[in-house]
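> can you look at this prediction? I've put the sequence above it.
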Amino acid sequence: MSDRYQVVSCSNVSSLPTLLDHSVPQLLIADIDGQTGYYDVLVHIRSTHSSLRLLLIANEFSLEQQVEALRLTNVRFIEKPFPLPQFLEKVEELLGNSTSSIKRRILRIGI
């Protein structure tokens, strides 16, 4: 992915607001398995960065999790395990198929 995207990593959801104060990516990819309080953090992020797109990864998503996250808009889900082409399809779906030579900025959490 590094040839097409600039990727920044973060080890947990709780440090995300501080990281976003310094740099805002076009896409946030978050593995929410084992992360507590992720929804409150995502709501806060959405209130301060409304155009940020979200790709949430987990072993499975409950209906409640899906409904909560869909309220945030620009959110996609992918369940583990997933094939790489499916993952890249979700990324492109959220970012669009721009042919720009500028690398698109992605922040990944916990993956």
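Good, I have the coordinates.
> so residue 14 makes contact with residue 40?
No - under the criterion of C-beta atoms under 8 Å, residue 14 is not in contact with residue 40, lying 10.1 Å apart. From N, CA and C alone the C-beta is placed, and that goes for glycine too.
> can you map out the strands along the protein?
Here the chain has its strands, by DSSP state E, at 5-10, 27-31, 53-58, 75-79, 104-109.
> nearest to residue 93, out of these?
strand 75-79 (6.4 Å; C-beta to C-beta).
> show me where this structure has helices.
Applying DSSP state H to the chain gives helices spanning 16-22, 38-48, 63-70, 84-95.
> most tightly surrounded among these?
Comparing these by mean neighbour count (mean count of other C-beta atoms under 10 Å), helix 38-48 comes out on top with a mean of 16.
> list of residues touching it?
Contacts with helix 38-48, where a contact means C-beta atoms under 8 Å, 6 or more residues apart in numbering, come from 13-14, 16-17, 20, 28, 30, 32, 52, 54, 65, 68-69, 72-73.
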